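Predicted model, plus sequence, below.
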Amino acid sequence: MSYALTLCSYFFINLILILGVNLQLGLLGLPNLAFIIFLGAGAYTVALFSIGPAQADSLQHYFFGTTLPFPIPLILAVLVGMLLAALVGALLLKRMRGHYLAIITLILVLSTWTVVNGIPGFLGGANGVYGIPQPFHSLASSPNAYGLIFVVYIAVLACLCFAFNERLFRSPLGRTARAIRENENAAMALGKDPYRIRMIVVICGGAMAALSGALLAEYITLWTPAPWSLDEIFPAVGAMIIGGRGNNWGAAAGTLVVDIGIGQGISFLPAVSSDPGLSFAVQWILEGLVLVAFLWFRPAGIIPERKARWPVPVLSGPATISPGLVRPEDRDTVVRPGISGQLTTDVARDAILSCEGVSVSFGGIHAVDNASLSVQRGSITGLIGPNGAGKSTLVNVLSGHLRSQTGRVMFDTADTTTLPSYRVAQRGMVRTFQLSSEFPRLTVLENMMVSADHVGASLWTGVFRRRRWKDREYELLVRARGLLDEFGLLALADEYAGNLSGGQKRLLELARALMRDPAMLLLDEPMAGVAPSMVDRLVDQILDINRRKGVTFLIVEHDLEVIDRLCPTVLVMIQGRVMAEGNLQQLREDERVIEAYLS
Amino acid sequence: MELFLESTGFGLVVASILAISSVGFTLQWGVGKFINLAYVGFMGLAAYLDHTFSQTLGLEFWIGAALSILATGVLMVLMNQFLIQPLVRRGVRFFDLLVVGFGIGLIVQYAIQAIWGTDFFSISVAGTTPLNLGGLKLTPSQLVVIAIAVAVMLLLHLLLSRTDLGRAIRAVSVNPTLAQSCGVRVSYVLNVSWFISGIMCGIAGLVLAFNTAVFNSGTAIVYFPYILAAAMVGGIGSAYGAMAAAALLGLLSEWVALASPYFGVMVALIAAGLVALWRPQGLFRSPMAGLGGSV
Amino acid sequence: MSSKPTSPDGSRPAAAAGHGQAARLAVDGLVAGYGAAPVVQGMSLVADPGTLVAVIGPNGSGKSTFIKSVMGIVKPAGGTVQLGDAMLQGRRCDQIVRAGLGYVPQVADVFVNLTVSENLDLGGYLHRDAREERQQYIMALFPLLRDRFKQRAGTLSGGERRLLALARALMGFPTVILLDEPSAGLAPAMVKALLAHLQVLRDEAITLVVVEQNVRSVLSIADRAYVMVQGRSVLEGPAAELAGDLPELGRIFMGHGTTGLRRQPPESTGTSTTDEARTI
């Protein structure tokens, strides 16, 4: 009986940790290995706030101690975890990604561990602290009864974390996190601020890691540097990978397999279990082998991340989408052109996007050299030019993905020169990329749903105020399905976007951009890699969108036939600056332009 | 002053061990584009193999050493060919490969424990009575270690700068496609560079055992932060950078250890952290070199 | 054999070219590219020994991918590449280089961490014995590199790097050298120097296939030219002829279609300066 209770306790304690790891690594794809520090910090905090100050004659030495009643030390532990996570996030997250983040958090873990282990008087050094009181002890009459109470206590907390995580994963915030994981630049082009999401995720993950550590400390009543050494990162991450990343049931499965299955399975091997040193070693070896086996045969884990699904709305037949479907209070109001494209002459002459004197150079080469242009509201304007003329660089400056060294960029009456790309997107400009930028491991429908701004994108509303955003969700769902239908992609709604053909991906990119009801679309080589039949469809869609919704287009293209069909006005960029403007017919006769193309 | 000189002597020994191990480690990072977290595990394995060959099987000392070094080289190549490359082909992402490396390291470390137990052992290559060399107190064993390090660095330098293979390795680390258009068989060169770094791993493991009075499966693990730091401070993939960084960190950490034994390693970690934050291309490379990780 | 060639600055190289057997490069119906819509959609090209063949065309026409797929850097999905008797399509890049093709890429064209001398050594990776002599020959052709022999390639200017890349390709005794937009990013003076070098090489009976944006310049030195649009050849013929109708080329480039496709068989390469017998 008590053995089963012990197993359950370890299960729930580890589950909380793995849920936190899954939040960072699985949902957001952030290789922040410092979570093990937060685990230790949570444990030390609950210890220091419940064992009282260090006694002169005792064997343990630490710098601070007090006795506070339950549950204050626990709450403080979680807060300390969150604080440390915020510090680490602020220090690192703006600068580094990918494996560099992994390495530097590794170094951080090693450093912190060395300091704590090496200074005897700080947190007990290598010997740690002991005598941590267990909560609810007074309620139990026997050790077995206490075991049960403790399991219930941790189980409740674990279930709360599970529920929190589930809500978070399914909320618009979770969706945004997944999008950032898949393609950060594309997510920024849809108005998402990746740094904010990272901080939220890291702090929540830190809270869970600290909670797990605190509970573990309470369970074993002592705490040393051993349980949060560098090695311990491995079973935690391994459990997430084995169980299935990106979903909470996967986290549970992983915890079961790694901590319970392997940990306890050893005891069924008599040759091994008799020797404690050997069984300890074999446990590690087995964990490593199981992990490699999973990565080899089933990298998605036991329970793979499932596709996001929505119920099919009650509307039947193709929905007619009116651009005004978005609730005004849910988005920034941006001055928008008329719906049908019949613009007043005043508005018609108005430039929605302009830049002047923009220059960008890379290591002495002027990619963009004092370039100026303006795009008329409601027009479809082309941007052409030979290779190396600087078109893509200029587009990056216009969309905020690159900062110009000089000059000014004005979008829709606002100066956007210094704005980062997600702010420009929030103001109503969406751009696409040369390489198709769909979110490959999200479904087509999810790609659409993540695009628009959402009141549920904040943590509080997303997790705790579900009713508030459910309506918006429904509305977006109807709109998304309608757009997909218009684009002929509705049948693929539940397909992974990465499985679509090149042309379908481009269509999806366009439809996804439209979910934001943008004033302007900046398309960077939209026909690249698209089969000829699809090109026609894309061209028709662009013309339709411009006519019906008045969206302005700036299109960079090499395929001059496409430019001919789409753009009454064409800008020519030669050697870093905009040299000519006119319709394609005129430009074809223009000697300068021909010269530029031929040399 | 006396203590300072003494610790300088230790510093030279640590620097020697560190130089051999970090050069091998950084080669894998720079050429194979793989951060091998199992590296220190294999260092320990080399020492245990040597102990088995020499003590248990009674082979001649240097034959046993050569065998264990070769074995480590071969194991590294096998790991690349049969574990890492297949996983890469299956599309396993980089972070997961890091975890795999970590896991392999743990497997090796604990396999050693399972097979050989946790007892300490020692390998001595020469005498253990310290000689006084102008203030530096070094044992003959330690002098051998330093000599080996110098020899290995020299050989590596000759390989990289004078031979076709060395140039091919350096070329592959910066531009494999261009190397192919020179007729270089890139997969072969990759395997060779893994072999070389495995050899260096083996030598480093043995040299560490020579220098440590008593050695067990946990001894080499302690070196991990130093090796990582030396590779990062020297610039990823830069063999010469790693050598210079090893010398620097080896000496510095021993000097700091005079004040407090625990914090020698902090020097390495702080150096690595600072470099990662503010000069990611390494101390000795220009910022224009970028993070390309060329040898 | 043609008379002893001179390098652009008038000096004579010490050793003769001594390169590989002359062979004809014939590419037929090559298909290559990424994903469902291949960028190269059936490109054919013939380069007779000792000629300079230009491949021109608008952006996005697949010229760069074409070169890469001939070299084996991108795997062709269809079509054949024949050098002399040997079928090269489907082989690994280093095997194709072994067979006699050389490559000068558009970007990342030198090993920036190696010196000029080491770059050349790598170029001669497959020809260890002849390396010394070959280097002398190349130093005579490229005196600029001689002065920078021990310099790290990363410190060279763009134009110098391009010359080094060409020299490196030459070290491998190639039968045919393929160049991907060699004038890209170079100042006009450097472009002139580079093209002069190409002419010298062509005079040395090395076949050159040059993809270029700079139509005027490349047509002025080429023997034959192909116009590549949307993955295939739409116009081909003697370079002089194509150069004579630049407005037509301009129209093709700007997507106005061709006023009648003209396909001329490759026998009539009257502008070739070599007397070398054609390979079977």
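Everything's here; your move.

these two touch, right, residue A:59 and residue A:127?
Yes. Residue A:59 lies in contact with residue A:127 (CB atoms under 8 Å); the separation is 7.0 Å. Where you see a C-beta, it was placed from the backbone N, CA and C, and this is true even at glycine.

Between the two, which is the more surrounded one?
Of the pair residue A:59 and residue A:127, residue A:127 is the one with more neighbours under other CB atoms under 10 Å in any protein chain shown, namely 15 against 9.

Confirm that that one sits in a strand.
No. Read with DSSP: H, G, I helix; E, B strand; the rest coil, residue A:127 is coil and lies in no strand.

Low-confidence regions, the stretch 451-599 of chain A specifically.
Residue ranges of the stretch 451-599 of chain A with pLDDT under 70: A:599.

What ranges does the stretch 101-250 of chain C have for its helices?
Per DSSP state H, counting those that start in this stretch, the stretch 101-250 of chain C carries helices over the ranges C:116-123, C:131-141, C:143-147, C:158-171, C:188-203, C:215-221, C:239-243, C:246-253.

helices and strands around the third one, which ones?
It refers to helix C:143-147. Contact partners of helix C:143-147 among helices and strands, from 3 or more CB pairs under 8 Å, 6 or more residues apart in numbering or on different chains; DSSP states H and E: helix C:131-141, helix C:158-171.

which one of the ones you listed is the most hemmed in?
For the helices and strands packed on helix C:143-147, the largest average neighbour count (mean count of other CB atoms under 10 Å in any protein chain shown) is found in helix C:158-171, namely a mean of 24.

can I get the CA coordinates of it in PDB?
These are the backbone C-alpha positions of helix C:158-171, laid out as PDB (Å, rounded to 0.1, in the frame of the first residue of the first chain):
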ATOM      1  CA  GLY C 158      35.000  40.600 -54.200                       C
ATOM      2  CA  GLY C 159      36.800  40.800 -57.500                       C
ATOM      3  CA  GLU C 160      39.900  39.100 -56.200                       C
ATOM      4  CA  ARG C 161      37.900  36.300 -54.700                       C
ATOM      5  CA  ARG C 162      36.200  35.700 -58.000                       C
ATOM      6  CA  LEU C 163      39.500  35.400 -59.700                       C
ATOM      7  CA  LEU C 164      40.700  33.100 -57.000                       C
ATOM      8  CA  ALA C 165      37.600  31.000 -57.400                       C
ATOM      9  CA  LEU C 166      38.300  30.700 -61.100                       C
ATOM     10  CA  ALA C 167      42.000  29.900 -60.500                       C
ATOM     11  CA  ARG C 168      40.900  27.300 -58.000                       C
ATOM     12  CA  ALA C 169      38.600  25.600 -60.500                       C
ATOM     13  CA  LEU C 170      41.400  25.700 -63.000                       C
ATOM     14  CA  MET C 171      43.700  23.800 -60.600                       C
END
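
could you check the angle helix C:188-203 makes with it?
Computed by axes from the mean of the first three to the mean of the last three CA atoms, to 10 degrees, the angle separating helix C:158-171 from helix C:188-203 equals 10 degrees.

To chain A, which of the helices and strands packed on helix C:143-147 lies closest?
In terms of CB to the nearest CB, the element of those nearest to chain A is helix C:158-171, at 8.2 Å.

Spit out the contact partners of whatever residue of the stretch 151-280 of chain C ends up closest to chain B.
Going by CB to the nearest CB, chain B is nearest to residue C:172 of the stretch 151-280 of chain C, at 6.4 Å. Residue C:172 sits next to B:182-183, C:97, C:102, C:123-127 when contact means CB atoms under 8 Å, 6 or more residues apart in numbering or on different chains.

picking that back up, please identify which of the helices of the stretch 101-250 of chain C is closest to residue A:444.
helix C:246-253 (37.1 Å; CB to CB).

Could you give me the buried positions within that closest one?
Buried positions in helix C:246-253, judged by neighbour count with 16 or more other CB atoms under 10 Å in any protein chain shown: C:248-253.

follow-up on the earlier one: and which of the contacts of residue C:172 is nearest chain A?
The nearest one, if we look at those relative to chain A and count by CB to the nearest CB, is residue C:102, at 23.1 Å.

excluding its backbone neighbours, what's nearest that closest one?
Leaving aside its chain neighbours, residue C:102 sits nearest to residue C:174 (3.2 Å; criterion: CB to CB, 6 or more residues apart in numbering or on different chains).

what's around that neighbour, how many residues?
Quick note: residue C:174 (other CB under 10 Å) scores 23 neighbours.

Show the pLDDT at it.
pLDDT for residue C:174: 93.

Go ahead and name everything in contact with the helix or strand harbouring residue A:253.
Of the helices and strands defined by DSSP states H and E, residue A:253 is found in helix A:248-255. When contacts are defined by CB under 8 Å, 6+ apart, helix A:248-255 is touched by residues A:11, A:14-15, A:18-19, A:21-22, A:26, A:162, A:165-166, A:169, A:238-244, A:301-305.

swap the cut-off to 6 Å and go again
Outside helix A:248-255, the residues within contact range by CB atoms under 6 Å, 6 or more residues apart in numbering or on different chains are A:14-15, A:18-19, A:22, A:162, A:165-166, A:239-240, A:242-244, A:301-303.

show me where the chain has strands.
Looking at chain A here, since you left the chain open. For chain A, applying DSSP state E gives strands covering A:129-130, A:222-223, A:351-362, A:365-376, A:380-384, A:406-411, A:414-415, A:429-431, A:520-524, A:552-556, A:569-574, A:577-582.

was after chain C, sorry
C:25-32, C:40-47, C:52-56, C:78-83, C:86-87, C:101-104, C:176-180, C:207-212, C:224-229, C:232-238.

The spatially most central residue of chain C bridge partners, please.
Centroid-nearest residue in chain C, with CA atoms, centre = their mean: residue C:178, separated by 2.9 Å. Residue C:178 has these beta-bridge partners by DSSP bridges: residue C:103, residue C:209.

Flag the helix or strand of the chain with the lowest per-element mean pLDDT.
I went with chain A, as the question did not name one. Every helix and strand of chain A was ranked by mean pLDDT, DSSP states H and E. The lowest is helix A:345-348, at a mean of 42.

wait, I meant chain C there
That would be, for chain C by mean pLDDT, DSSP H and E, helix C:246-253 at a mean of 82.
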